[in-house]
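A.B. asks: Sharing a model that was predicted from the sequence below.
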Amino acid sequence: MATIQGYEFPDELYYHPDHSWVRIEPDSMATIGMGDFFQKEAGDIVYVDLPFEGDQIVAGEVCGKLQSSKWIGKMIAPLSGEIVAVNEQLESDSTLINQSPYGDGWIIRVRPSDWEGDRAKLMHGVEAITPWLDREIARAEAEKKK
Amino acid sequence: MDAAGQIWRLLDTGVRTAAENMALDQALLTTCARGQSSNTLRFLQFSPPTALVGYHQDVAQEIRLAYCREAGIDVNRRLTGGGAIYFDESQLGWELIAAPEDCSQAGSLCDRTGNTPFSLEFHRRICGAIIEALHEFGLDAAFRPRNDIEIAGRKISGTGGVEEGNAFLFQGTLLLDFDVASMIRALRIPTEKLKQSSLDSAADRVTWLRRELGRLPPLDSIKQAIARGFEKTFGVRLEPGNLTAEEQELFQRLRPEFQSPSWIERTSRVASNIAIFRGLHRNEGAVIRASVQLDTARRRLRSVLITGDFFISPPRAILDIEARLKDHRLDKATIRRSLADFWRENSIRAFGFGPDDIAAAVLAALDKREWLELGFSAAEADHLFTTNGTARAILARPVSLLLLPYCAKQPECRYRHEEGCSLCGGCSVGEAFAMGERFGLQPVTILSFEHLLSALSAARCDGVEGYVGCCCEAFFQKHYEDFRASQLPGILIAICDSTCYDLDQAQRAYHGEFEQQTRLDLPLVEKVLAAMRNVARASCP
């Protein structure tokens, strides 16, 4: 488990700049969720709007909605494929995304349609993640200072 | 990238129905997301008055639909999250429909590549525009996380947002001249039990322009001040404009959908289960009552109303505590921690109580969920109180005593001021006596407050491990500490009808001289005794 600037970013995962993560499972399915920096910035997630099994998602496009307090925001798909499972536990406790963003707070499971192609656009490893995270943190700090 | 130097549209769509306003929200958001519209500041008003739920809410649970129908109040649902609000004809709505990267400082969180305006700072910045406008009127308004604009702790503006494509809609209310009474009738929010205290405590939590200024400035001057606030905050110029042809066309197409039951009465995949529970805690220094609205299906504490008799400084601390607990996780340890953190961060001074006491009142409300698990309704749970234990734990004990109040006997009954009962069938006490015996409890009439104390003390000495009793809620609140001090676990079932407290005869009742007759809630007594039997059976191998 890598901790970068105080935020958890497990080593084996792939990360999208819009804050989602991907884990490739032994059965080649991709589990997708939102990362530690996101859940801390957003605060408690109070509702999720999830797609259904069988839906297609497209890398870079909205694949769900997450509500924290009164803000309903987008979840951007980190890869393309067909949804094979949705974490229904989130319907009754969406704060799993905050409490266990990489574990019980997983959001969808997908059969990737072009993993090699999509993977190339994701960040992997401390060296790739750190500059992006530094920028995100700097932006957040700049807002706070005003 | 920011917006400095840009020209934004100022769009005033005037007074419209709720469905039209929602359809306009969607039309503007969609066209902006497609890049077909410029960034827009919109003003809106509602007629007829409307109760609006947040996007994920269930109208039946949040709104008193029958009352709204009778009163001619429209019901609709927003595109944005948050709770139910009452939007009548006097209030002003304001909203920003824009691209996120135009609304941030250069290099901030809302850059095109890391597009998450979830952040608190993003909301704070937009609210800053309204705060500017209120400053113009000489009002000391401020942003209170996560979504409020407040003056001295009272909320004057609530906000919420939603994203779509490459745009967002951020909207807020501004209370100008508010009808608190209609709000608490239309919305199912935590309130005090009695009507006047409900009005008082609701009125303490919100405020409106007329109240703050002593007069209501002309609506145009308010809109202009808001427009200036946005210009100043974002460094833009606002030019009045109308709906574009695309927006008009989309609006007309969308209108039927926002009038339809499938939009308005939509429920989430996992239905909410909203319940309001009340909890009490008191000590020498304070009486604290918590009315808690929670979603048991989603395990969230939605909102809390904290009232009672206590001294706290600054007085607005209670309102800020309520804001802190809004949408809070339904986890006892986290609730305690949030309250302790708040106390520390804000240098609170309180007379004879601390954050754990407020937590105790809130948690007492939350403990009432056990009744739901035991098969009781929220309304029934509202009439049940526990002392020295929580529901399930007490029901699992060998409860052997049934305490009944003399005031439920007929005034002319010869046993009114004696412990026995002839089971004549003339009042609810006789039936309760019979019920007690059927369930293996010894019924005892309590003749006065002193008698209660001695009965509980004797019970403890006799090895009684738990009791069920009937008394009015006011009696329980008044003698909360005495019940606690007896150390006997007990379940108390509120009695019906006007009690001595309502009739202002508490002093006489204390001495056993109250001459009116109350009525026991026999169905609820029976249900509690049956639950006790079920819990006992369940725990036997």
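C.D. replies: Right, received. Where do you want to start?
A.B. asks: Let me know the average pLDDT across stretch B:119-132.
C.D. replies: Averaging pLDDT along stretch B:119-132 gives 90.
A.B. asks: for stretch A:54-63, that is, sorry about that
C.D. replies: 94.
A.B. asks: Repeat that for stretch B:330-347.
C.D. replies: For stretch B:330-347, the per-residue pLDDT averages 94.
A.B. asks: mind listing what's buried in it?
C.D. replies: B:Leu330, B:Ile335, B:Arg336, B:Ser338, B:Leu339, B:Phe342, B:Trp343 (16 or more other C-beta atoms under 10 Å in any protein chain shown). For glycine as for every other residue, the C-beta is placed from the backbone atoms N, C-alpha and C.
A.B. asks: Next, the contact list for the third one, please.
C.D. replies: When you say that, I think you mean B:Arg336. Listed by C-beta atoms under 8 Å, 6 or more residues apart in numbering or on different chains, the contact set of B:Arg336 reads B:Pro355, B:Asp356, B:Ala359, B:Leu363.
A.B. asks: now the residues you listed: which count as buried?
C.D. replies: B:Pro355, B:Ala359, B:Leu363.
A.B. asks: Including pLDDT and secondary structure, could these go into CSV?
C.D. replies: Shown next, in CSV, are those (pLDDT from 0 to 100; DSSP: H, G, I helix; E, B strand; the rest coil):
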residue, pLDDT, secondary structure
B:Pro355, 97, helix
B:Ala359, 97, helix
B:Leu363, 96, helix
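A.B. asks: Double-check that B:Leu169 belongs to a strand.
C.D. replies: Yes - under DSSP: H, G, I helix; E, B strand; the rest coil, B:Leu169 falls within a strand.
A.B. asks: Please name the bridge partners of it.
C.D. replies: Beta-bridge pairing of B:Leu169 under DSSP bridges involves B:Ile97, B:Val162.
A.B. asks: Show me where chain B dips below the pLDDT cut-off.
C.D. replies: B:1-2, B:104-117, B:497-511, B:513-514, B:540-541 (pLDDT under 70).
A.B. asks: Please parse it into its domains.
C.D. replies: As assigned by automatic domain parsing, chain B contains the domains B:7-260, B:275-367, B:372-538.
A.B. asks: Can I get the ones you listed in CSV including distance to A:Asp104?
C.D. replies: Below are the domains of chain B laid out as CSV (distance: least, C-beta to C-beta, whole Å):
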stretch, distance to A:Asp104
domain B:7-260, 21
domain B:275-367, 14
domain B:372-538, 23
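A.B. asks: And the ones you listed: which comes nearest A:Gly125?
C.D. replies: Comparing the domains of chain B against A:Gly125 with C-beta to C-beta, the closest turns out to be domain B:7-260 (19.0 Å).
A.B. asks: I'd like to know how far the residue lying closest to B:Gly165 once chain neighbours are set aside sits from chain A.
C.D. replies: Nearest residue to B:Gly165, sequence neighbours excluded (C-beta to C-beta, 6 or more residues apart in numbering or on different chains): B:Ala33, at 3.0 Å. Separation of B:Ala33 from chain A (C-beta to the nearest C-beta, to the nearest Å): 10 Å.
A.B. asks: thinking again about what came up before, out of the buried residues of stretch B:330-347, the closest to B:Ala141 would be?
C.D. replies: B:Phe342 (21.0 Å).
A.B. asks: which residue ranges form the strands in chain A?
C.D. replies: In chain A, the strands defined using DSSP state E lie at A:2-4, A:7-9, A:14-15, A:20-24, A:30-34, A:45-49, A:56-57, A:62-68, A:71-76, A:81-86, A:108-112.
A.B. asks: want to try a markdown table for these, with mean neighbour count and distance to B:Cys68 as columns?
C.D. replies: Listed next are the strands of chain A as a markdown table, based on neighbours: other C-beta atoms under 10 Å in any protein chain shown; distance: least, C-beta to C-beta, whole Å:
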| stretch | mean neighbour count | distance to B:Cys68 |
| --- | --- | --- |
| strand A:2-4 | 14 | 51 |
| strand A:7-9 | 18 | 46 |
| strand A:14-15 | 22 | 47 |
| strand A:20-24 | 21 | 40 |
| strand A:30-34 | 24 | 37 |
| strand A:45-49 | 23 | 24 |
| strand A:56-57 | 19 | 39 |
| strand A:62-68 | 24 | 25 |
| strand A:71-76 | 25 | 25 |
| strand A:81-86 | 17 | 35 |
| strand A:108-112 | 21 | 38 |
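A.B. asks: Throw the ones you listed into JSON lines and include distance to chain B, thanks.
C.D. replies: Listed next are those as JSON lines, based on distance: least, C-beta to the nearest C-beta, whole Å:
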{"stretch": "strand A:2-4", "distance to chain B": "15"}
{"stretch": "strand A:7-9", "distance to chain B": "14"}
{"stretch": "strand A:14-15", "distance to chain B": "12"}
{"stretch": "strand A:20-24", "distance to chain B": "11"}
{"stretch": "strand A:30-34", "distance to chain B": "10"}
{"stretch": "strand A:45-49", "distance to chain B": "4"}
{"stretch": "strand A:56-57", "distance to chain B": "16"}
{"stretch": "strand A:62-68", "distance to chain B": "5"}
{"stretch": "strand A:71-76", "distance to chain B": "4"}
{"stretch": "strand A:81-86", "distance to chain B": "10"}
{"stretch": "strand A:108-112", "distance to chain B": "14"}
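A.B. asks: For those strands, give me JSON lines that also has distance to B:Ser119.
C.D. replies: Below are the strands of chain A laid out as JSON lines (distance: least, C-beta to C-beta, whole Å):
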{"stretch": "strand A:2-4", "distance to B:Ser119": "19"}
{"stretch": "strand A:7-9", "distance to B:Ser119": "15"}
{"stretch": "strand A:14-15", "distance to B:Ser119": "18"}
{"stretch": "strand A:20-24", "distance to B:Ser119": "17"}
{"stretch": "strand A:30-34", "distance to B:Ser119": "14"}
{"stretch": "strand A:45-49", "distance to B:Ser119": "14"}
{"stretch": "strand A:56-57", "distance to B:Ser119": "25"}
{"stretch": "strand A:62-68", "distance to B:Ser119": "10"}
{"stretch": "strand A:71-76", "distance to B:Ser119": "9"}
{"stretch": "strand A:81-86", "distance to B:Ser119": "26"}
{"stretch": "strand A:108-112", "distance to B:Ser119": "24"}
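A.B. asks: Quick one: closest of these to B:Ala290.
C.D. replies: Nearest of the strands of chain A to B:Ala290, taken as C-beta to C-beta: strand A:45-49 at 20.3 Å.
A.B. asks: what angle sits between that closest one and strand A:71-76?
C.D. replies: Going by axes from the mean of the first three to the mean of the last three C-alpha atoms, to 10 degrees, strand A:45-49 is angled at 50 degrees with respect to strand A:71-76.
A.B. asks: ok, and what's touching strand A:45-49?
C.D. replies: Around strand A:45-49, the neighbours that count as contacts under C-beta under 8 Å, 6+ apart are A:39, A:64-69, A:72, A:90-91, A:94-95, A:97-98, A:107, B:56, B:81, B:268, B:298, B:300, B:327.
A.B. asks: model confidence over it, on average?
C.D. replies: In the prediction, strand A:45-49 has an average pLDDT of 92.
A.B. asks: Which helix runs longest in chain A?
C.D. replies: Across chain A, the longest stretch assigned as helix under DSSP state H is helix A:126-145.
A.B. asks: other SSEs contacting the helix or strand of chain A with the lowest mean pLDDT?
C.D. replies: None of the helices or strands of chain A scores lower by mean pLDDT, DSSP states H and E than helix A:126-145, at a mean of 84. Using 3 or more C-beta pairs under 8 Å, 6 or more residues apart in numbering or on different chains; DSSP states H and E, the elements in contact with helix A:126-145 are strand A:2-4, strand A:7-9, helix A:36-42, helix B:120-136.
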